[in-house]
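A.B. asks: Structure for the following, please:
(chains A, B, C and D)
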There are 2 protein chains.
Amino acid sequence: MSTIRDVAKEVGCSTATVSRALSNPEKVSKASLKRIHTAIDKLQYRPNMLSQQFRNKQAKTIVILVPDIANLFFSTVISGIENVAQNKGFNVLLGDTRDSSEREANFVKLVETKQADGIIQLRPYSEDSLLPRKFVTAVNACGCENTPYPSVRIDNIDAARQVTEYLISLGHKKIGIISGLNDNPHTIDRMQGYLLALADAGIEFDKNLVAEGDFNLWSGLNASDHFARMEEPPTAIVSMNDEMAIGAMKGLKSKGFRIPEDISITGFDDNPFSKYCDPPLTTVAQPAEKLGEKAAQLLFQLIEGESEKQSEFVLPIDFIIRQSTAPPKK
Amino acid sequence: MSTIRDVAKEVGCSTATVSRALSNPEKVSKASLKRIHTAIDKLQYRPNMLSQQFRNKQAKTIVILVPDIANLFFSTVISGIENVAQNKGFNVLLGDTRDSSEREANFVKLVETKQADGIIQLRPYSEDSLLPRKFVTAVNACGCENTPYPSVRIDNIDAARQVTEYLISLGHKKIGIISGLNDNPHTIDRMQGYLLALADAGIEFDKNLVAEGDFNLWSGLNASDHFARMEEPPTAIVSMNDEMAIGAMKGLKSKGFRIPEDISITGFDDNPFSKYCDPPLTTVAQPAEKLGEKAAQLLFQLIEGESEKQSEFVLPIDFIIRQSTAPPKK
DNA sequence: GAACTTTCTGTAACCGGTTACACTTATAAG
DNA sequence: CTTATAAGTGTAACCGGTTACAGAAAGTTC
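C.D. replies: The predicted model follows:
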């Protein structure tokens, strides 16, 4: 593999001129430029970026910390981030953390050791978080209120509240909820929205109407058992994401419930499959791609040293009504 | 940010000793080791990996070229790759190519410029492919027959043949197929398997029973229209992936077809949602995670300069029978 | 034609690690 | 006690680019 010195020798000039020909061509005469490019073609020269990055102290790489790469919502956010990163000429390193803080720590270390220039965290902030951290430029996407570093998110409380209010407006009074894990910040926020809507409508909270899940299909199926076994099941269920809602629909249908006639159900995320399940799911669409783009823009501002005027951005959601919800019977 | 020289100065030894303390501690005396680590803690020293990579001519990074990151099958393959990469101490750079060869070229360039040490391509080989390529260490995963560089894959022909044979064994004679784009190598292979099974059973091929899709939900819905409008619709449909099958199920059900009573349908991939749709989908499970792991192992062999004894690995599939298939009526 | 400006180019130091080689000192063997 | 071997350390070159600085050449102005 040839180096810049080989090119210089071939042309009969110094390495400085070759270097300039590549990064500041306007500083080099037309004649030299031409000879240099001929030599580059001839020698098939490719600059060694490792050397360049080392010298420039920039890896031109950002890391995304993804709790679960197989999640469609996250992969859409990632797309948004990539759009912006590509424009800036940055690579995107995917940190599939699988909710392991050990794996997370490894990726954070990449920034400390200069292998990456910044981090976007897709997990909501919690006490045990490794971010924010000294020497680590970071932004949070998809988080919750009170994130102690720059963040982009939706208003989870308000979204859950809208969903619940809609069900109440249809006439439902007994509304179950399939939550995420109890200590998950999203669970906490969305639960709060649910409670606010109930309180506003003067409906008393019944903790028996809460089934804990963990955001996957199986746990939704599992939660549906809880409701199906009740003597007087709820007439509507709010699920904290679409996957659990789809799992629950399967469980309920297999036990003879008709959706939405016997029981209404709502999701959260607008997973592509939600439009295609039977019946199509009423859900909350998060602006996933936009969340990613905004987060990336924020990160690049930080990397470029711009002072952040605003460090928290709340993006609007879109409540989508499909056929999984209807007024309760009689 | 402190450097190795700062540490050396603090301890009162040479940079060589500090370097050795970190990479070959057995070559350094216990006493020095201790003083060095104390200094490192005190100065909060983090080695600059850019420098290390530059000197070692290794970025410790591999690139995965993913046609569509939002695809659950791919993200599972990626997980498999990451398992292996993490073990080897390599980072995984995600190249979301979105089927654009321009974007693909950018990622290939990363290897040519030493920013990455190898590539795993998740797209089947075709004439316009940028791989194989000089100076670029690469492996193909999820491809087809006759890939001109090392590859890991399933036997698509045989898998499609098994599916079709199963439907024939149930008594179906008029079997439709929802294909991917006509020039896609997977489409070609799976179509061949379908044709082989028909031929074996002495069923004549009817090109009117082919609906072209492009592997997403919407195109499956669209394809179902084609079959629903036929005077005598098929009694079974083979779909080249699960998403199209799920889209088609939605379309068929909305037109009054009962599945599997009126029409059987099969998928391909064993998407997590396939178990939860209504009815659960009969499908072919690809060993996605294993494909990723094997591909990564192959790539690391190449990176480490081992000569490849075998350059093509075919992994077994798992045919999963669920409730979307049944014998035809009467 | 002198003085000044602009354009172009070369020299060499630099980034922060790694490591071949040489050297010193401690330990073992004869 | 001498010699051989092992263990620990330092010196300094090296990786392949970038760029401050200096100097040469060409063009401009008066």
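
A.B. asks: Show the contacting residues for the closest residue to A:L298 other than its chain neighbours.
C.D. replies: Of all residues not flanking A:L298 in the chain, A:V139 sits nearest, at 4.9 Å (CB to CB, 6 or more residues apart in numbering or on different chains). The way it works is simple: take the backbone N, C-alpha and C, and place the C-beta from them, glycine included. Shown in contact with A:V139 (CB atoms under 8 Å, 6 or more residues apart in numbering or on different chains): A:118-121, A:149-152, A:295-296, A:298-299, A:302.

A.B. asks: Now, these that are in strands?
C.D. replies: A:118-121, A:151-152 (DSSP state E).

A.B. asks: Which residue ranges of the stretch 151-300 of chain A form strands?
C.D. replies: Remark: strands assigned in the stretch 151-300 of chain A by DSSP state E, counting those that start in this stretch are A:151-154, A:175-179, A:210-212, A:236-239, A:264-266, A:283-285.

A.B. asks: Which stretch among those strands is buried most, on average?
C.D. replies: strand A:236-239 (a mean of 30; mean count of other CB atoms under 10 Å in any protein chain shown).

A.B. asks: helices and strands around it, which ones?
C.D. replies: Applying 3 or more CB pairs under 8 Å, 6 or more residues apart in numbering or on different chains; DSSP states H and E, we find strand A:236-239 packed against helix A:156-170, strand A:175-179, helix A:217-228, helix A:242-254, strand A:264-266.

A.B. asks: by how many degrees do the fourth one and strand A:175-179 diverge?
C.D. replies: I take that to be helix A:242-254. Between helix A:242-254 and strand A:175-179, the angle comes out at 130 degrees (axes from the mean of the first three to the mean of the last three CA atoms, to 10 degrees).

A.B. asks: packing partners for helix A:242-254?
C.D. replies: Partner elements for helix A:242-254 (3+ CB pairs under 8 Å, 6+ apart): strand A:175-179, helix A:217-228, strand A:236-239, strand A:264-266.

A.B. asks: ok now the longest one, how far from the chain's centre?
C.D. replies: Averaging C-alpha positions (CA atoms, centre = their mean, to the nearest Å) puts helix A:217-228 25 Å from its chain's average.

A.B. asks: re earlier: from the contacts of A:V139, which two are the most distant?
C.D. replies: Put simply, by CB to CB the two of these set farthest apart are A:Y149 and A:A296, 15.1 Å from each other.

A.B. asks: Just want to know which of those two has more residues nearby.
C.D. replies: A:A296 (30 against 21; other CB atoms under 10 Å in any protein chain shown).

A.B. asks: Can you give me the separation between A:S32 and A:I4?
C.D. replies: Separation of A:S32 from A:I4 (CB to CB, to the nearest Å) stands at 14 Å.

A.B. asks: Please see if stretch A:22-34 touches DNA strand D.
C.D. replies: Yes - using CB under 7 Å from any atom of the strand, we find that stretch A:22-34 touches DNA strand D at A:22-23.

A.B. asks: Show me where the stretch 51-200 of chain A has its helices.
C.D. replies: A:72-88, A:101-112, A:156-170, A:185-200 (DSSP state H, counting those that start in this stretch).

A.B. asks: Now look at the second one and say if it contacts DNA strand C.
C.D. replies: Same thing as helix A:101-112. No - Helix A:101-112 is not in contact with DNA strand C by CB under 7 Å from any atom of the strand; minimum separation 11.2 Å.

A.B. asks: hmm, back to that, looking at the helices of the stretch 51-200 of chain A, which is closest to DNA strand D?
C.D. replies: For those, the distance to DNA strand D is smallest for helix A:72-88, at 17.3 Å, taking CB to the nearest atom of the strand.

A.B. asks: can you give me how far that closest one is from the chain middle?
C.D. replies: That offset, for helix A:72-88, works out to 9 Å (CA atoms, centre = their mean).

A.B. asks: If I take that helix and helix B:72-88, what angle do their directions form?
C.D. replies: Counting by the same axes, to 10 degrees, helix A:72-88 lies at 70 degrees to helix B:72-88.

A.B. asks: What helices and strands are in contact with helix A:72-88?
C.D. replies: Using 3+ CB pairs under 8 Å, 6+ apart, helix A:72-88 is in contact with strand A:61-66, strand A:91-96, helix A:288-303, strand B:91-96.

A.B. asks: who's in contact with the least confident helix or strand in chain A by mean pLDDT?
C.D. replies: In chain A, no helix or strand scores lower on mean pLDDT, DSSP states H and E than strand A:91-96, which sits at a mean of 87. Under the contact criterion CB under 8 Å, 6+ apart, strand A:91-96 has outside partners A:59-66, A:68-69, A:78, A:81-82, A:85, A:103-104, A:106-107, A:110, A:116, A:119, B:61, B:78-79, B:82, B:91-94, B:96, B:110, B:115.

A.B. asks: Can you tell me which of the ones in strands among the contacts of A:V139 lies closest to B:D206?
C.D. replies: Ranked by distance to B:D206 (CB to CB), these are led by A:I120 at 51.5 Å.

A.B. asks: pLDDT value on A:P316, please?
C.D. replies: A:P316 is assigned a predicted lDDT (pLDDT) of 97.

A.B. asks: Who are the contact partners of it?
C.D. replies: A:P316 neighbours (CB under 8 Å, 6+ apart): A:154, A:287.

A.B. asks: and the helices and strands packed on helix A:72-88 as CSV, adding distance to A:A245?
C.D. replies: Conversion of the helices and strands packed on helix A:72-88 to CSV gives the following (distance: least, CB to CB, whole Å):
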stretch, distance to A:A245
strand A:61-66, 22
strand A:91-96, 25
helix A:288-303, 17
strand B:91-96, 28
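
A.B. asks: May I see these arranged in TSV, with distance to DNA strand C as well?
C.D. replies: Putting the helices and strands packed on helix A:72-88 into TSV (distance: least, CB to the nearest atom of the strand, whole Å) gives the following:
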stretch	distance to DNA strand C
strand A:61-66	17
strand A:91-96	20
helix A:288-303	18
strand B:91-96	17
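
A.B. asks: Which among those is found nearest to B:S179?
C.D. replies: Going by CB to CB, the one of the helices and strands packed on helix A:72-88 nearest B:S179 is strand B:91-96, 25.0 Å.

A.B. asks: List the buried residues for the closest one?
C.D. replies: B:91-96 (16 or more other CB atoms under 10 Å in any protein chain shown).

A.B. asks: try stretch A:160-167
C.D. replies: Residues of stretch A:160-167 classed as buried: A:160-161, A:163-167 (neighbour count, 16+ other CB under 10 Å).
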